[in-house]
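> no sequence for this one, just the structure:
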């Protein structure tokens, strides 16, 4: 850990949080560009701009709280065109998002070069906000 070492001296039981935060700060590659949208109190959408990629070039995996999206053009799909300018990036990438333990993926779709991943936060009743009546 490089960025958050000093927090360990004053905290207990937050090791996983700091490891996740540290990996976040060290994983700020901007390609591919993405949006994170809050669709409601418990619903979210992650969108990735993937012009030049096809469905078969993508791998979306959820494992141990990490949503990992990988993209790689297969050798047979590589263009042999002579570009005067190539501004659409199709290089190999890996993008990872850390999700809470209560977050579930509802669906993933790919349309017009945008990969959309719908998520829902399934908070247990004891974790949901509640109003406390003041007497």
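Structure's in. What do you need? Treat the numbers as computed from the prediction; the structure is a model and nothing was measured.
> list the contacts for the residue sitting nearest the centre point of the chain?
With distances taken as Cα atoms, centre = their mean, the chain has residue 97 as the residue nearest its mean C-alpha position (3.0 Å). Applying Cβ atoms under 8 Å, 6 or more residues apart in numbering to residue 97 gives the contacts 46, 66-68. Where you see a C-beta, it was placed from the backbone N, CA and C, and this is true even at glycine.
> How is the chain partitioned into domains?
The chain breaks down by automatic domain parsing into domains covering 1-30, 31-124.
> deepest of those, which one?
Sort the domains of the chain by mean neighbour count, taking mean count of other Cβ atoms under 10 Å, and domain 31-124 sits at the top with a mean of 13.
> For it, the averaged confidence score.
Along domain 31-124, the predicted local confidence has a mean pLDDT of 90.
> And it, end to end?
In terms of Cα to Cα, to the nearest Å, the two terminal residues of domain 31-124 are separated by 35 Å.
> sorry, back to before: tell me which of the domains of the chain sits nearest to residue 134.
When the domains of the chain are compared by Cβ to Cβ, domain 31-124 sits nearest residue 134, at 23.6 Å.
> Could you look up the SS state of residue 53?
coil (DSSP: H, G, I helix; E, B strand; the rest coil).
> Find the nearest non-adjacent residue to it, please.
Distances taken as Cβ to Cβ, 6 or more residues apart in numbering place residue 71 nearest to residue 53, at 5.3 Å, with adjacent residues excluded.
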